[in-house]
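*Asks:* Only the shape, not the letters, is given here:
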Ligand code: TXA
Ligand code: MG
């Protein structure tokens with residue numbers, strides 16, 4: 001299929017383009033669109049065939065549920081069996097925004113959209129183009145990240161084009177994603193709220209509002225027989241660049257020395273080493289390929305640049321990749337969750 005690519009200069013998307021995009025979604029087609037977190041691959045959430053097309057376009061296993069995107073609070077009730085009081089307070093604080101809530105689903109949501117589960121994940125994005133698209137479609141939009149399964153989530157239209165050109169009806173180019181990591185997922189179907197995927201809305205902020213909240217242990221450690229992530233998508237090999245990636249943790253000087261040594265060893269055996277790190281760390285290291293994420297200790301910078309950096313390591317054909325770590329707090333927890341997955345939990349402590 002020929003993919004139509006249109007530009008939406010953040011707030012400005014022409015009414016004609018919007019009407020066409022909405023028509024595609026209503027007709028069962030697929031439109032990739034910008035959100036404040038990452039780009040989404042959207043289809044009509046209430047149409048099982050549209051969900052099947054989403055899975056096919058991404059090459060995604062169909063037991064991995066999709067997030068349903070809405071533009072208005074009134075669209076929530078028809079999707080959920082019941083709206084827990086906690087959903088109202090969390091949504092009141094963070095919607096529209098980078099937070100997804102899991103609730104019991106209503107019969108209106110097809111199991112094809114929820115990967116066979118009786119629960120549904122719902123998010124109200126704040127990106128004006130995403131909100132306008134949902135309104136133009138007139139139906140809730142199911143949207144996973146708009147990457148091929150297993151690749152890093154797309155934070156620019158060029159990433160989406162790389163993965164999905166020819167596989168979807170339309171791609172809306174709205175520039176770079178503001179946040180750069182997928183939404184925080186909170187499960188509201190248990191006794192207390194539980195964080196299933198860390199994101200821009202942090203566990204510290206959630207607890208400040210809800211009193212207590214658990215964290216799925218799978219956020220920190222690799223999935224295993226005993227440790228099955230509650231968000232099915234978190235069990236898959238994710239974000240992984242082609243070359244093996246290793247995280248190097250410790251005091252800055254020691255980390256710089258170790259990465260420098262590893263890169264010299266690599267060079268001696270004819271291998272090209274890529275490093276993903278802060279500006280300050282880059283100043284301490286000599287390596288053939290360095291991708292700076294931003295300022296030292298800035299989780300915002302790292303969140304915004306991490307997925308593009310992983311894609312760049314593939315493009316520039318690094319044979320081995322080393323990355324600096326961040327403290328596991330605030331937004332750093334989300335950055336490290338994605339980085340540990342990308343590294344297949346390969347970590348050197350110095
Ligand atoms: O920021 C985001 O959330 C982006 C943008 C496009 O909104 N979307 C996104 O979707 O990251 P996706 O499909 O790449 O990740 C959705 C995650 C998966 O890990 C999936 O397993 C989990 O949400 N999920 C969805 N529905 C669920 C449910 N009912 N119960 C548990 N986990 C669920
Ligand atoms: Mg994804």
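*Replies:* Good, I have the coordinates. Please read these numbers as outputs of a predicted model, since none were measured by experiment. Ligands and ions are numbered 1, 2, ... in the order given.

*Asks:* what residue ranges in the chain are flagged as low confidence?
*Replies:* 10-11, 236-238 (pLDDT under 70).

*Asks:* Which residue does it have closest to ligand 1?
*Replies:* The chain approaches ligand 1 most closely through residue 233 (2.2 Å), counting by C-beta to the nearest ligand atom. Glycine gets a C-beta too; all of them are placed from N, C-alpha and C.

*Asks:* for the closest residue in space to that residue that isn't next to it in sequence, what are its contacts?
*Replies:* Leaving out its chain neighbours, the residue that sits closest to residue 233 by C-beta to C-beta, 6 or more residues apart in numbering is residue 64, at 4.8 Å. Contacts of residue 64 were listed using C-beta atoms under 8 Å, 6 or more residues apart in numbering, and they are 115, 144, 232, 233, 236.

*Asks:* Counting neighbours, what do you get for the residue nearest to the second one when sequence neighbours are not counted?
*Replies:* Nearest non-adjacent residue to residue 144, counting by C-beta to C-beta, 6+ apart: residue 66, 5.4 Å away. Using other C-beta atoms under 10 Å, residue 66 has 29 neighbouring residues.

*Asks:* phi, psi of residue 66?
*Replies:* Residue 66 adopts backbone torsions of phi -100, psi 150, taken as degrees, to the nearest 10.

*Asks:* So it sits against residue 111, correct?
*Replies:* No: the criterion here is C-beta atoms under 8 Å, and residue 66 misses it with residue 111 at 11.2 Å.

*Asks:* Touching, residue 202 and residue 333? I think so.
*Replies:* Yes: applying C-beta under 8 Å, one finds residue 202 in contact with residue 333, separated by 6.7 Å.

*Asks:* if you count what's nearby, which of these two comes out ahead?
*Replies:* Between residue 202 and residue 333, counted using other C-beta under 10 Å, the more crowded position is residue 333 (22 against 19).

*Asks:* Identify the residues contacting the more buried one.
*Replies:* Contacts of residue 333 by C-beta under 8 Å, 6+ apart are 198, 202, 203, 219.

*Asks:* care to break the chain down by domain?
*Replies:* Segmentation of the chain into domains, based on automatic domain parsing, reads 4-219, 245-349.

*Asks:* could these go into a markdown table alongside distance to ligand 1?
*Replies:* Formatted as a markdown table, the domains of the chain follow (distance: least, C-beta to the nearest ligand atom, whole Å):
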| stretch | distance to ligand 1 |
| --- | --- |
| domain 4-219 | 3 |
| domain 245-349 | 11 |
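
*Asks:* In TSV, list those along with distance to residue 225.
*Replies:* Listed next are those as TSV, based on distance: least, C-beta to C-beta, whole Å:
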stretch	distance to residue 225
domain 4-219	12
domain 245-349	16
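
*Asks:* Settle this for me: residue 228 is touching residue 221, isn't it.
*Replies:* No: with contact defined as C-beta under 8 Å, residue 228 does not count as touching residue 221 (11.6 Å).

*Asks:* Now do the helices in this protein.
*Replies:* For the chain, the helices defined by DSSP state H cover 15-26, 48-58, 85-94, 128-137, 157-164, 203-210, 252-268, 279-282, 299-315, 332-342.

*Asks:* got a list of contacts for the fifth one?
*Replies:* Contacts made with helix 157-164 from outside it, assessed by C-beta under 8 Å, 6+ apart, are listed as 3, 5, 32, 34, 39, 41, 57-58, 146-148, 151-152, 154, 171-175, 307-308, 311.

*Asks:* Just the buried subset of these, please.
*Replies:* Applying 16 or more other C-beta atoms under 10 Å to the contacts of helix 157-164, the neighbour count classes 3, 32, 34, 39, 41, 57-58, 146-147, 151-152, 154, 171-174, 307-308, 311 as buried.

*Asks:* Return the subset of those lying in strands.
*Replies:* 32, 41, 171, 172, 173 (DSSP state E).

*Asks:* what pairs with the last one across the strands?
*Replies:* On DSSP bridges, the residues paired with residue 173 through beta bridges are residue 7.

*Asks:* Same check on the first one?
*Replies:* As for beta bridges, residue 32 partners with residue 41, residue 171 under DSSP bridges.

*Asks:* Residue 287 versus that one, what's the distance?
*Replies:* 34 Å (C-beta to C-beta, to the nearest Å).

*Asks:* got it, and residue 297?
*Replies:* From residue 297 to residue 287 the distance is 21 Å (C-beta to C-beta).

*Asks:* Likewise for residue 314?
*Replies:* Counting by C-beta to C-beta, the gap from residue 314 to residue 287 is 17 Å.

*Asks:* Compare neighbour counts for these two and give me the winner.
*Replies:* residue 287 (21 against 17).

*Asks:* Which pair of the ones in strands among the buried ones among the contacts of helix 157-164 spans the longest distance?
*Replies:* Maximum pairwise distance among these (C-beta to C-beta): 14.1 Å, between 41 and 173.
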